[in-house]
Structures are given as C-alpha cells and as structure tokens.
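**Q** got a structure for you, letters missing:
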C-alpha cells in the first residue's frame, strides 16, 4: 500500500480541519491518531514479514513531511512512534534480534513513545539522570523523570533508558540500560504539565518513573557513558533527526503555500492590483521558496543515505545535526516571510499562519539544539577541545 493510499486527500483534509480546535483546547489529537492507526500508518515502516506495510525510510520521511503540512502537531506526535520503529528496523537488519519485539508489537497496534529526554541532561544519549537498578531475575527498575513524553495519553510502550546505580567505576563498562516499559506496569505516572506555546496537540507531558519495572526480555541494550559507536546510537540519532526535520520541512511547505494564497487574495489600494503582482513581495516569497527547495534536497539526500547505509564515517553526525538545524531554522524563516507579506489579519490567534509560527518555535528545544549542533560541527572541522 503506497503512501498516497494511506494518507489520502480526504484523510489529510479531515486532519487539517481538526488541528485548530486541538490547539485551542490544548487537547491530544485522539481522532487523528485513531484514523491514522486504522489506515495502517503507524505500521508503515514495519517490514511486511512482520505484518507491516513495508515502506522504506525515504517514503516515511516524505509522508511525515506531507502530514506536517496539514497538522504539524499530529505529525510530530506520531513521529516519536515512527522513530522507535525506524530504530528497530535498522537494528534488526544489523542482526540485533532483541529489537524484533518493536516491529511485531507495532504491527499489532502498540504505540511507542520516546522516553529519553531529561531536564538538564545535555549529554542526551550519553548519560542519564534516571536511576536504573538491575535485579536477580534480569529485570530493571527505573526511577527518575522523563520530560517531553510525546503521546503521553496513549502510548502502550515507552522506550527509555537510565544509568545503573550499582556502577561504581571503570570495571562497570556499560551502565546505561535501554528497554521498553509496558503501560500496564505499576511504578510510573504522567505529570500533566503540557500547556505550551505551540505543538499543543502532542500532549508531551512529563513521565515520573518510581521504580517502574522492565522485564529482562524487554531490556535491549547496555552502553557505556559517553560518546560511542554502538549501532543503537546511530540508529536513534539518524531516525530521530531525519524524521524531525521532515516535520519542520512540511511546516515550512505550508507556510509558503499560505503566503502565496494570502498575497493573491489581497489588493493594494494604491495600484488596484493584487499583491502577488508586487515585485518586492514576489522577491520575498521567491526567497522563501528557494530556502524550502534547498532544504528539500538536503532532506531527501539524508533520508536516502540512511536507507542505503551510506558510509560517511565521522561525517554522519555533522550531516544529521546540519539537517535538523536547517529544517527548524528554515521553518521559522519562511514563516517570518509569510506573516510579513500576508497582512495584519494573520496575526490573529485563530490564523493558521499564527498557529504554525507558534508550532515552529518548538524547534528551538529539540535535540540537537543549536549549541550542541555547533559543537558537533566544530569538533568535526577543528578537532575537539582538550
């Protein structure tokens, strides 16, 4: 089943039609998720042999871009589920059979959320403030707080990690423990604190872990603290950053489209002509279109390289953070232009452009943030600081 058969024009228009109300009510996009699940979209990337649609990564990336042009918050919501499926697909292809559970359960209809982010943890995947305790039966309990848990009201599986509290020194080489928590397990609760400027329908509440237990068979990886070349690290970064860039590319697509529509509908009192005839406005929108096309080429190339397993060596992470940075910067830049040429009415809270602008600002806070991206690029170009 192709992307256009799943994300049909009728489905996309229904999703767009609900976006403003979700935002206004600060409510999760329940109806959107139900329809996307029924259409098979949440198992799109699951290989056919596991019960999925068998899409490749570039197809999903373009589908997420399309969905974001209709409802950015809905696209960002399901993005986090798609990240774990993309990670599992990469890991299983590389021989890590412990990740097959993600593919089979996604095919069964389970929804995966991303329980990685922690307040103040700028090391992201390379350290954790969440405490993990391993028990005699191999199970692990997790205690700590995860922030920005997108899909908080509906996830059935939470991919998370923490640091082994028993690790005491160099002999404990792999203290970071990754696993998948089942929702029905005790020892956790949602902290309902999502009342944000934008991307409100994601309902990315915090999650308090209070000894939440993950059984041994759901523990999938142990890694050392600090940067390392484990395939899981690359799988998470490449999937997360590329799919995140797809959402903000789609947001920018819609901004340029709306800008063109608004100037065509406005008439200058001084000339009697529609503003799409004004040379200055045409230049501004052409510049926004130029930025979007450049980003599109970057997104397509990275998605294709991830799928092909291209060997960029140490150049992979600079490429990934450059894509994520370009996507979020471009979204804000083209929205600045679209709002500037579309007239004061678009500053109203109910304007779609106004909502998109607020959604785009969330890009400031996604990993890798601007400072982290520049450190990555500087270290690649100039070598690390001693």
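**A** Here it is on my side, so go on. Being a predicted model, the structure only gives us computed values, none of them experimental.

**Q** so the spatially closest residue to residue 84 that is not a sequence neighbour bridges to which residues?
**A** Nearest non-adjacent residue to residue 84, counting by Cβ to Cβ, 6 or more residues apart in numbering: residue 112, 4.0 Å away. In short, each C-beta sits where N, CA and C put it, glycine included. Under DSSP bridges, the beta-bridge partners of residue 112 are residue 157.

**Q** What about residue 112, how many residues nearby?
**A** Using other Cβ atoms under 10 Å, the number of residues around residue 112 comes to 24.

**Q** Let me see the contact set for it.
**A** Residue 112 makes contact with 80-81, 84-85, 102, 105-106, 155-159, 180, according to Cβ atoms under 8 Å, 6 or more residues apart in numbering.

**Q** That one and residue 78, how far apart?
**A** For residue 112, the distance to residue 78 equals 10 Å [Cβ to Cβ, to the nearest Å].

**Q** What of residue 385?
**A** As judged by Cβ to Cβ, residue 385 and residue 78 stand 39 Å apart.

**Q** Please, which helix or strand holds the most centrally placed residue in the chain?
**A** Central residue of the chain (Cα atoms, centre = their mean): residue 244, 3.8 Å from the mean position. Using DSSP states H and E, residue 244 sits within helix 231-265.

**Q** Compute the inter-axis angle for whatever helix or strand comes next after that helix and helix 231-265.
**A** Next along the chain after helix 231-265, taking DSSP H and E as the criterion, comes helix 279-308. Compare the direction of helix 279-308 with that of helix 231-265 by axes from the mean of the first three to the mean of the last three Cα atoms, to 10 degrees and you get 160 degrees.

**Q** Does anything pack onto helix 279-308? Which helices or strands?
**A** Counting contacts by 3 or more Cβ pairs under 8 Å, 6 or more residues apart in numbering; DSSP states H and E, helix 279-308 is packed against helix 57-70, helix 231-265, helix 316-341.

**Q** Of all those, which one is nearest residue 274?
**A** Within these, the stretch nearest residue 274 is helix 231-265; the backing value is 5.7 Å (Cβ to Cβ).

**Q** And the average pLDDT for that closest one is what?
**A** Mean per-residue pLDDT for helix 231-265: 97.

**Q** what are the phi and psi angles of residue 134?
**A** phi -90, psi 140 (degrees, to the nearest 10).

**Q** Could you list the low-pLDDT ranges of this structure?
**A** For the chain, the stretches flagged by pLDDT under 70 are 168-172.

**Q** what's the domain layout of it?
**A** Taking automatic domain parsing as the criterion, the chain consists of the domains 3-111, 113-223, 231-382.
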